[in-house]
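# next comes the sequence, and after it the predicted model I'd like to discuss.
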Amino acid sequence: MLRVKVRSNESIEQMVRRFKKLCEKEGLTRDIKRTSYYEKPSERRRRRIRKSIKRIAREQS
């Protein structure tokens, strides 16, 4: 669970902006977007393969 402590003299807009950045950092927005629609098993497999290829390429360089 994410918590955002209010800093002194901080507006609500700034606090909401910090909260959104934390959500982005934790990957919550990505998960919400991914689960908001049905993904076929073959598409899920393709996405996982692409992700592993990117990871392997990053480790080799």
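Perfect, thanks for sending it.
# tell me what the helix or strand encompassing Asp31 is packed against?
Per DSSP states H and E: Asp31 is located in helix 28-35. Contacting helix 28-35 under the criterion 3 or more Cβ pairs under 8 Å, 6 or more residues apart in numbering; DSSP states H and E is no other helix or strand. The C-beta positions use only the backbone N, C-alpha and C, and glycine is treated the same way.
# can I get that helix as PDB, trimmed to CA atoms?
C-alpha atoms of helix 28-35 as PDB (Å, rounded to 0.1, in the frame of the first residue of the first chain):
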ATOM      1  CA  LEU A  28       0.600  -0.100 -10.600                       C
ATOM      2  CA  THR A  29      -0.500   1.900 -13.600                       C
ATOM      3  CA  ARG A  30       1.000  -0.600 -15.900                       C
ATOM      4  CA  ASP A  31      -0.800  -3.500 -14.100                       C
ATOM      5  CA  ILE A  32      -4.100  -1.700 -14.200                       C
ATOM      6  CA  LYS A  33      -3.800  -1.000 -17.900                       C
ATOM      7  CA  ARG A  34      -2.800  -4.600 -18.600                       C
ATOM      8  CA  THR A  35      -5.700  -6.100 -16.700                       C
END
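# other residues contacting stretch 14-21?
Stretch 14-21 has contacts (Cβ atoms under 8 Å, 6 or more residues apart in numbering) with Leu2, Val4, Val6, Arg7.
# count of residues packed around the residue lying closest to the second one once chain neighbours are set aside?
Spatial nearest neighbour of Val4, chain neighbours left out: Phe19 (4.7 Å); criterion: Cβ to Cβ, 6 or more residues apart in numbering. Other residues lying near Phe19 total 13 when counted by other Cβ atoms under 10 Å.
# got the contact list for the helix holding Asp31?
The contact list for helix 28-35, computed with Cβ under 8 Å, 6+ apart, reads Leu2, Cys23.
# now do it, average pLDDT.
The average pLDDT for helix 28-35 rounds to 84.
# tabulate the CA atom coordinates of the host helix or strand of Arg45 in CSV.
Assigned by DSSP H and E, Arg45 belongs to helix 41-60. What follows is the C-alpha trace of helix 41-60 in CSV, where atoms were taken according to Å, rounded to 0.1, in the frame of the first residue of the first chain:
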residue,chain,number,x,y,z
PRO,A,41,-2.9,-16.5,-23.9
SER,A,42,-0.9,-16.4,-27.1
GLU,A,43,-0.5,-12.6,-26.8
ARG,A,44,0.5,-13.1,-23.2
ARG,A,45,3.1,-15.6,-24.2
ARG,A,46,4.5,-13.3,-26.9
ARG,A,47,4.7,-10.4,-24.5
ARG,A,48,6.6,-12.5,-22.0
ILE,A,49,9.1,-13.8,-24.7
ARG,A,50,9.7,-10.2,-25.8
LYS,A,51,10.3,-9.1,-22.3
SER,A,52,12.8,-11.9,-21.7
ILE,A,53,14.6,-11.1,-24.9
LYS,A,54,14.9,-7.5,-23.9
ARG,A,55,16.3,-8.5,-20.5
ILE,A,56,18.9,-10.9,-22.0
ALA,A,57,20.0,-8.2,-24.4
ARG,A,58,20.3,-5.7,-21.6
GLU,A,59,22.4,-8.1,-19.5
GLN,A,60,24.8,-8.9,-22.4
